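Student: Sharing a model that was predicted from the sequence below.
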Amino acid sequence: MATEVQTTYEIKLPQFEGPFDLLLFFIERDELDIYDIPIAKITNEFLSYIQQANSKNIELASEFIVVAASLMRIKAKMLLPRKDMDEQGNEIDPRKELVQQLLEYKRYKEVLDELRQLEDERSKMFGRGNVASEMEEVAKTWTGEAELHTLTLFKLLKAYERAMDKFEEKQKRPTHKVIRYAYTMDGQKSYLRDLVEQEQNVPFQHIFAICENRIHAIFTFLAMLEMLQQRLLTIQTGLGVNNFWISKAA
């Protein structure tokens, strides 16, 4: 009697930066519809990944466990015969919040890629470090509950994108000419230090009020990230979009 051989796949854990990175990997690998996620399949894949990590004695970030619990909760809701309804009597899809957060994370990755390209150009002129790494390090310094809806970094990136929109029309077509800008990281850090000294809580949009163009705004944003990473500044978030305040660290 032939012995049935069960094939398994092994995922290299270091390639995933977090639980959403892993979920997007599953979705893209199996060409799944992100708007209609087969939650049972994804949950099983996700739990299998965690089990593999445990068997290899690899410690995962707590966010993996939080997302695993959220997936199991969604899966349980999908199995209930009685569905939740909104005020209009429409059925509420338990996956809706997960889909929204995955789309935001996907956009976050795209923004990081854009910033990496910017960093390549910036490093040629100024020889500075890696901005994408700076952003990821800033994310690690923030504290708070690691729930699905608490994604401060994504909100900050979305606010940053909106701040950039007003400079978009002024941006000229790219050329090979190297332009030396008057803006520096040290200069923008000095500006931010003075700003938080004058005002206890500075609204996010107010930070960019003095920016003359897109490059000026980018330098300001990068200076803010570096100061957050160095814990020279703190950031508080509120409800809604662009609802951030920057203040001097205690």
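Tutor: Yep, that arrived.

Student: any low-confidence regions in the chain?
Tutor: By pLDDT under 70, the weakly predicted segments of the chain are 1-17, 57-59, 61, 112, 114-182, 238-243.

Student: Do you have the strands of this protein handy? List them.
Tutor: 202-203, 233-237, 244-248 (DSSP state E).

Student: I'd like to know how many residues surround Asp186.
Tutor: When counting by other Cβ atoms under 10 Å, one arrives at 9 neighbours for Asp186. C-beta here means a position set from N, CA and C on the backbone, and glycine is covered the same way.

Student: if I look at it, how far off is Ala223?
Tutor: 8 Å (Cβ to Cβ, to the nearest Å).

Student: wait, which of the strands of the chain is closest to Glu63?
Tutor: strand 233-237 (17.6 Å; Cβ to Cβ).

Student: Could you report the neighbour count for the residue nearest to Pro94 when sequence neighbours are not counted?
Tutor: Spatial nearest neighbour of Pro94, chain neighbours left out: Lys77 (4.0 Å); criterion: Cβ to Cβ, 6 or more residues apart in numbering. Look at Lys77: counted by other Cβ under 10 Å, it has 15 neighbours.

Student: cool, and Phe204?
Tutor: Phe204, neighbours per other Cβ under 10 Å, totals 21.

Student: Please apply the same query to Ile50.
Tutor: By the criterion of other Cβ under 10 Å, Ile50 has 17 neighbours.

Student: OK, contacts around it?
Tutor: Going by Cβ atoms under 8 Å, 6 or more residues apart in numbering, Ile50 touches Leu60, Phe64, Ile65, Ala68.

Student: out of those, who's nearest Pro81?
Tutor: Ala68 (24.6 Å).

Student: residues touching that closest one, list them.
Tutor: Taking Cβ under 8 Å, 6+ apart, we find Ala68 in contact with Pro19, Thr43, Phe46, Leu47, Ile50.

Student: give me every residue that touches Arg193.
Tutor: So Arg193 contacts Met227, Leu232, Lys248 (Cβ under 8 Å, 6+ apart).

Student: Repeat the analysis, applying 10 Å as the threshold.
Tutor: Arg193 is in contact with Ala223, Met227, Leu232, Leu233, Lys248, counting by Cβ atoms under 10 Å, 6 or more residues apart in numbering.

Student: Now which of these would you call buried?
Tutor: Ala223, Met227, Leu233, Lys248 (16 or more other Cβ atoms under 10 Å).

Student: okay if I get the strands of the chain as a markdown table plus distance to Tyr35?
Tutor: Shown next, in a markdown table, are the strands of the chain (distance: least, Cβ to Cβ, whole Å):
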| stretch | distance to Tyr35 |
| --- | --- |
| strand 202-203 | 34 |
| strand 233-237 | 27 |
| strand 244-248 | 29 |
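
Student: And those: which comes nearest Glu91?
Tutor: Across the strands of the chain, closest to Glu91 is strand 233-237 (Cβ to Cβ), at 31.2 Å.

Student: Chain neighbours aside, what residue packs nearest to Cys211?
Tutor: That would be Ala217: by Cβ to Cβ, 6+ apart, it lies 4.2 Å from Cys211.

Student: and the one you found, how many neighbours?
Tutor: Neighbours around Ala217, by other Cβ under 10 Å: 21.

Student: So it sits against Phe204, correct?
Tutor: No - at 11.8 Å, Ala217 and Phe204 do not qualify as touching, with contact defined as Cβ atoms under 10 Å.

Student: all helices for this protein, in order.
Tutor: 19-29, 39-55, 62-79, 96-126, 131-141, 152-168, 185-198, 204-207, 214-229 (DSSP state H).

Student: separation between Lys75 and Asn44?
Tutor: 9 Å.
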